[in-house]
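Colleague: A predicted structure for the sequence below; I have some questions about it.
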Amino acid sequence: MIGKVLFLTVSVFMAGTFFLMGELKFLAQYKQVIFHQYSQWIILYTIALFVNTFGIFFIITRKFFLKDTGKKLDLVVSGVAQEEELPTDFEEWRNTK
């Protein structure tokens, strides 16, 4: 899951970088001055934005793809404890309870 979120974050960052490179062409002549004076702030901001974007995507991914994990685990534990055959469909089990 972390690999997928990392891939998504890097993809969004690359798309944003390419978009900004196209929009900020007028600053190309000043790039040495800008990077010399503000490089540490640009790097710090980029790292903070990357970590926050990764966190947001991670939370969204957990919310949508791990929705019923705890309930499914309870089903498996109770089935193993009672030595009964486990249903293959979680919706079927949920409707019987």
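Modeller: Done, it's in.

Colleague: domain assignment for this protein?
Modeller: As given by automatic domain parsing, the domain ranges for the chain are 1-66, 68-97.

Colleague: looking at those domains, which one has the lowest mean pLDDT?
Modeller: Mean pLDDT is lowest for domain 68-97 among the domains of the chain, at a mean of 61.

Colleague: what about Ile2, distance to Phe58?
Modeller: Distance, Ile2 to Phe58, by CB to CB, to the nearest Å: 7 Å. To be clear about C-beta, it is placed using only N, CA and C from the backbone, and glycine gets the same treatment.

Colleague: so the two - more neighbours on which side?
Modeller: Between Ile2 and Phe58, counted using other CB atoms under 10 Å, Phe58 has the larger neighbour count: 17 against 9.

Colleague: look up the closest residue to the more buried one, ignoring the ones flanking it.
Modeller: Val5 (4.9 Å; CB to CB, 6 or more residues apart in numbering).

Colleague: surely the one you found touches Phe54?
Modeller: Yes. Between Val5 and Phe54 there is a contact under CB atoms under 8 Å: 6.3 Å.

Colleague: what strand or helix carries Gly55?
Modeller: Gly55 is part of helix 31-65 when elements are defined by DSSP states H and E.

Colleague: list the buried residues in that helix.
Modeller: 53-54, 57-58 (16 or more other CB atoms under 10 Å).

Colleague: the residue nearest to Phe58 and Leu49, how far apart?
Modeller: Distance, Val5 to Leu49, by CB to CB: 15 Å.
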